[in-house]
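J.: Attaching a predicted model along with its sequence, questions to come.
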Amino acid sequence: MTDQHSIVQNIKEAAAYIHAQYEAKPEIGLILGSGLGVIAELVENAVTISYGDIPHFPVSTVEGHAGELLLGTVGGRHVVLMKGRFHMYEGYGVDTVSFPVRVMKELGVGKLLVTNAAGGINTSYEAGDLMLIKDHINFTFRNPLIGPNLSELGVRFPDMSEAYSKRMREVAKAVAAEQGVKLQEGIYIGLLGPTYETPAEIRMMRTLGADAVGMSTVSEVIVARHAGMEVLGFSCISNMASGILDQPLSHEEVMETTERVKQTFLQLILGILPRL
C-alpha cells in the first residue's frame, strides 16, 4: 500500500468511526480556537467523541482546547464541531494539523466555519473585537498540499482567490448588523509560533497589510478549499499585538478576553449558522 493510499484509508477509517457514533450527515464543520469552545454550548443532542478515540486523530495539548469532537444540531442544521484544534507548534506536521478537515469532508461537510484568537495588528482594533476574515497571508511557510496530489481529494492547483467565501461573509455581516454587533473585517496572517511576535515583526506585518496575527487556521483553510468546501472565518482579537500597547503578552490574557466576549460571539454564530 502506498503512502497516498494510506492517507485516503486513514481518512475513511476516521470518518467511519465517527459515522458509527452519529449517523446523520453533518452539513457544517466548525473548528474552534483558544477559549472559543463555548460555541459547543449551542449544539443540541450532542454526541461527544474524544480525539483519542478516533483512529489516526492527533490529540490537542493546548490549554483552552478541550480535545473533543461534537456532533449534533445547531439551528436545525447538522454540525460537526472540533472543540480544540491542532497546531504545528505542538510538534505536529502540516498534514496532521489539517487531517480533521479531510475527515469532515468525508463525512459530508460542505461548509467550514473556523475561529481563532488573534493579536490585533490594525491599530484601530481593540481587545474584544470580532474580525471577519476576508483573506489570509501564509507566514507559516508550510503548505499541506506539498507532495503528490491525490486527485480524489482535490485538484493539483487549487484557486485561493476567494479562500473565505464572499457569500458567507455577507451573511455574517447582515446578522451582525441585525444584532448590533461591531464586526471588523480584515486580513489574518498565520505564523508557526509558539512565541508571540516581536514588535519589529508586527511592524513588518502591518506594512504587508495584515490586520490580525495568530498561529492556526491557514493550513485548515487551504485543505478545505482544496476539498471544495466554502469557508467562513472569525478572529477574536484577544489582545493587541506586540509593541502596540508596550506591555507583555500572555495566554491568560487571551483566555480572559475570549471569556468576556463569548455571549456576543455565541449569539452571532447562532444567527449565522441557519443561514449558511
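T.: Structure received. Numbering: from 1, shown residues only.
J.: Sketch out the low-pLDDT regions of the stretch 1-150 of the chain for me.
T.: 1-5, 61-66 (pLDDT under 70).
J.: which stretches of it form strands?
T.: Using DSSP state E, counting those that start in this stretch, the strands of the stretch 1-150 of the chain run over residues 28-32, 44-50, 68-74, 77-83, 111-120, 130-138.
J.: And for the stretch 151-276 of the chain?
T.: 183-190, 212-214, 230-240.
J.: closest to residue 120 out of those strands?
T.: Within the strands of the stretch 151-276 of the chain, the stretch nearest residue 120 is strand 230-240; the backing value is 4.3 Å (C-beta to C-beta). C-beta here means a position set from N, CA and C on the backbone, and glycine is covered the same way.
J.: Can you check what angle separates that closest one from strand 183-190?
T.: Strand 230-240 runs at 90 degrees relative to strand 183-190, counting by axes from the mean of the first three to the mean of the last three C-alpha atoms, to 10 degrees.
J.: helices and strands around strand 230-240, which ones?
T.: Using 3 or more C-beta pairs under 8 Å, 6 or more residues apart in numbering; DSSP states H and E, the elements in contact with strand 230-240 are strand 111-120, strand 130-138, helix 166-179, strand 183-190, strand 212-214, helix 218-226, helix 251-272.
J.: on that earlier part again, turn the strands of the stretch 151-276 of the chain into a markdown table, including distance to residue 49, mean neighbour count and mean pLDDT.
T.: Shown next, in a markdown table, are the strands of the stretch 151-276 of the chain (distance: least, C-beta to C-beta, whole Å; neighbours: other C-beta atoms under 10 Å; pLDDT from 0 to 100):
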| stretch | distance to residue 49 | mean neighbour count | mean pLDDT |
| --- | --- | --- | --- |
| strand 183-190 | 27 | 23 | 98 |
| strand 212-214 | 26 | 27 | 97 |
| strand 230-240 | 23 | 25 | 93 |
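J.: Adding distance to residue 133, write those out as TSV.
T.: Below are the strands of the stretch 151-276 of the chain laid out as TSV (distance: least, C-beta to C-beta, whole Å):
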stretch	distance to residue 133
strand 183-190	5
strand 212-214	8
strand 230-240	4
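J.: what about the closest residue in space to residue 98 that isn't next to it in sequence, neighbour count?
T.: Leaving aside its sequence neighbours, residue 98 sits nearest to residue 223 (C-beta to C-beta, 6 or more residues apart in numbering; 4.0 Å). Residues lying near residue 223 (other C-beta atoms under 10 Å) number 27.
J.: hang on, isn't residue 223 packed against residue 102?
T.: Yes - counting by C-beta atoms under 8 Å, residue 223 does reach residue 102; the two are 6.4 Å apart.
J.: Need the overlap of contacts for the two.
T.: Shared contacts of residue 223 and residue 102 (C-beta atoms under 8 Å, 6 or more residues apart in numbering): none.
J.: circling back to that earlier point, with respect to residue 81, which of the strands of the stretch 151-276 of the chain lies nearest?
T.: Smallest distance to residue 81 across the strands of the stretch 151-276 of the chain (C-beta to C-beta): 14.0 Å, for strand 230-240.
J.: Pull up the pairing partners for the closest one, direction included.
T.: According to DSSP bridges, strand 230-240 forms sheet pairs with strand 111-120 (parallel), strand 130-138 (antiparallel).
J.: so of those strands, which one's packed in deepest?
T.: Across those, averaging neighbours per residue (mean count of other C-beta atoms under 10 Å) puts strand 111-120 on top, at a mean of 26.
J.: relative to helix 251-272, how tilted is it?
T.: Using the same axes, to 10 degrees: strand 111-120 against helix 251-272 is 140 degrees.
J.: all numbers from here: first residue = 297
T.: Sounds good: first residue 297 from here, last item strand 407-416.
J.: Render the CA-only coordinates of strand 407-416 in PDB, please.
T.: Taking Å, rounded to 0.1, in the frame of the first residue of the first chain, the C-alpha atoms of strand 407-416 are listed here in PDB:
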ATOM      1  CA  LYS A 407     -19.200  24.400   4.600                       C
ATOM      2  CA  LEU A 408     -16.500  25.100   7.200                       C
ATOM      3  CA  LEU A 409     -16.500  27.800   9.900                       C
ATOM      4  CA  VAL A 410     -13.100  28.500  11.600                       C
ATOM      5  CA  THR A 411     -12.500  30.600  14.600                       C
ATOM      6  CA  ASN A 412      -9.300  31.700  16.300                       C
ATOM      7  CA  ALA A 413      -8.000  34.000  19.000                       C
ATOM      8  CA  ALA A 414      -5.600  36.500  17.400                       C
ATOM      9  CA  GLY A 415      -3.500  39.500  18.200                       C
ATOM     10  CA  GLY A 416      -4.600  42.800  16.800                       C
END
